[in-house]
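# Please find the sequence and the predicted model below.
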Amino acid sequence: MRIKRVIAITVASLLVVTGAGALAVGDYVYTSGTEVACAVNDDDLNNFPEQFFTAPSGEGPYPGPGWEKWVGYDLSSWWLQDYPYDSVRIPVADQVELAGWWIDAKNPDSNKTVMVTHGIGTSKQDFNTLLPTAMLVKNGFNVLLVDQRDAGESTCVDGRHSAGQEESSDFAVVAQWLIDNKGLSAKSIGMFGVSGGAIATSLVPAKSNNVSAFAMEGTIFDFNAAATQEVEFQGFPGFLWQFALISARIFHGTDLSETSVKDSIDLAGTRPMLILHGQIDQRLPYQSSVDFYDYAVSVGADIELEGFANADHTEGMLTETDRYAKALAEFFDRSLAN
């Protein structure tokens, strides 16, 4: 009996040590993989609605030499030099404010307004957020361009993103702010997100009834697959994301899978959705948007998918700029009310 007891204690101790080690590794993966700068990136400091530029060499939205052709690419025809804008700060939680730019399209015939937000690790000053903003404004839509928490000029809470969970909750508050401060109705408010901002956008239907249309530049459907790929992109073995998920809950009180994309699609009801996605995206595989689209169709959702051949991550807005602008403007024009 004594031998059995020793063996049991030894096994239990090994399990505790192994479990603690796994959680420690998971916490490292979580803290490393979700870290963001709480600032505007250096290469975006000179980007504003009235003048913005593509990312410099080695700083593009996708890896590899393919970005070099876009370095110094002329975007001046999209600069919003005739559209003044106001800086705003929007309280979304206790001691948390989001920084934004309110850009009035000066369209006397329409109140249609789109909240626009950026990808993970960037800000509202990134070119691939400013370019679609310009597409919308020049087509008569007001835009509220917003830094997410822990990004750009918004409040730095913990220097981490939450895979769209906290961010989507924040945008539910932003939509209410538009109603309270700009006199808008929910039927005139839409949202567009780029990359990580698209993931947040995809979760907003589950958080708010005050947003009536959702457009996404690339997105995910299967969180397990996306998280595995993201962990591998950060340089870790993919299976470690499970330990990261547990560690985030235990040590940081963050549930990265609290609201699922599937549930959010269900809760979108008849509210229209649009996905724009490069078909050779290295960062968010195009198949993830196909899976999103297929599920949405299966439950009767109002959804469109615009694929861009030979376009990498967020590159469709550069390879086929006019088509991209047309798809975005026509979607929100038909989906939002004045």
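Looks like it came in fine.

# switch to C-alpha atoms for all contacts and neighbour counts from now on
OK.

# Provide a list of residues in contact with Ile303.
Neighbouring residues of Ile303 by C-alpha atoms under 8 Å, 6 or more residues apart in numbering: Pro272, Met273, Leu274, Ile275, Tyr293, Ala296, Val297.

# Filter those residues down to the ones in helices?
Secondary structure from DSSP state H places Tyr293, Ala296, Val297 of the contacts of Ile303 in helices.

# Neighbours of the closest residue to Tyr286 other than its chain neighbours, how many?
Leaving aside its sequence neighbours, Tyr286 sits nearest to Gln279 (C-alpha to C-alpha, 6 or more residues apart in numbering; 5.2 Å). Neighbour count for Gln279, taken as other C-alpha atoms under 10 Å: 22.

# show me the contacts for Gln279.
Neighbouring residues of Gln279 by C-alpha under 8 Å, 6+ apart: Pro285, Tyr286, Gly307, Phe308, Ala309, Asn310, Ala311, Asp312.

# Mind listing the residues bridging to the residue nearest to Asp104 when sequence neighbours are not counted?
Excluding its sequence neighbours, the residue lying closest to Asp104 (C-alpha to C-alpha, 6+ apart) is Asn142, at 4.8 Å. The partner list for Asn142 in beta bridges (DSSP bridges) reads Thr113.

# wait, doesn't Asn142 sit right on Lys112?
Yes - contact criterion C-alpha atoms under 8 Å: Asn142 and Lys112 qualify, at 6.3 Å.

# before we move on, back to that, buried ones among the contacts of Ile303?
Among the contacts of Ile303, the ones that count as buried by 16 or more other C-alpha atoms under 10 Å are Pro272, Met273, Leu274, Ile275, Tyr293, Ala296.

# so how far is Gly26 from the third one?
To Gly26, Leu274 is 35 Å away according to C-alpha to C-alpha, to the nearest Å.

# Any buried residues in stretch 240-259, and which?
Within stretch 240-259, the residues that count as buried by 16+ other C-alpha under 10 Å are 240-248, 254-257, 259.

# So what's the gap between that stretch and the chain middle?
Here stretch 240-259 is found 19 Å from its chain centre; the criterion is C-alpha atoms, centre = their mean, to the nearest Å.

# Span of it from start to end?
End-to-end distance for stretch 240-259, by C-alpha to C-alpha: 21 Å.

# tell me which strands and helices the host helix or strand of Ala227 is in contact with?
Applying DSSP states H and E as the criterion places Ala227 in helix 223-233. In terms of contacts (3 or more C-alpha pairs under 8 Å, 6 or more residues apart in numbering; DSSP states H and E), helix 223-233 is packed against helix 2-33, helix 241-252.

# ranges for the helices of the stretch 101-250 of the chain?
127-137, 165-182, 196-203, 223-233, 241-252 (DSSP state H, counting those that start in this stretch).

# from these, which stretch is densest packed?
Highest mean neighbour count of these: helix 196-203, a mean of 29 (counted as mean count of other C-alpha atoms under 10 Å).

# mean confidence for that helix?
Mean pLDDT, helix 196-203: 96.

# elements contacting it?
By 3+ C-alpha pairs under 8 Å, 6+ apart, helix 196-203 packs against helix 165-182, strand 189-194, strand 213-217, helix 261-268.

# what angle separates it from helix 165-182?
80 degrees (axes from the mean of the first three to the mean of the last three C-alpha atoms, to 10 degrees).

# Distance from the chain centre to helix 196-203, please.
On the basis of C-alpha atoms, centre = their mean, helix 196-203 sits 4 Å off its chain's mean C-alpha point.

# Phe171: which of the buried residues of stretch 240-259 is nearest?
Thr259 (14.4 Å; C-alpha to C-alpha).

# which ones are touching that closest one?
Neighbours of Thr259 in contact, by C-alpha under 8 Å, 6+ apart: Gln165, Leu203, Ala206.

# hmm, 10 Å instead?
By C-alpha atoms under 10 Å, 6 or more residues apart in numbering, Thr259 lies in contact with Gly164, Gln165, Ser168, Leu203, Val204, Ala206, Lys207.

# Those residues into a markdown table, with extra columns for distance to Phe332?
Below are the contacts of Thr259 laid out as a markdown table (distance: C-alpha to C-alpha, whole Å):
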| residue | distance to Phe332 |
| --- | --- |
| Gly164 | 22 |
| Gln165 | 24 |
| Ser168 | 20 |
| Leu203 | 18 |
| Val204 | 16 |
| Ala206 | 20 |
| Lys207 | 20 |
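
# mind giving me the domain split of this protein?
1-33+225-257, 39-218+259-335 (automatic domain parsing).

# Please identify the deepest-packed of those domains.
Highest mean neighbour count of the domains of the chain: domain 39-218+259-335, a mean of 20 (counted as mean count of other C-alpha under 10 Å).

# thinking again about what came up before, dump the helices and strands packed on helix 196-203 into CSV; add distance to Val88 as well.
Conversion of the helices and strands packed on helix 196-203 to CSV gives the following (distance: least, C-alpha to C-alpha, whole Å):
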stretch, distance to Val88
helix 165-182, 11
strand 189-194, 17
strand 213-217, 22
helix 261-268, 28
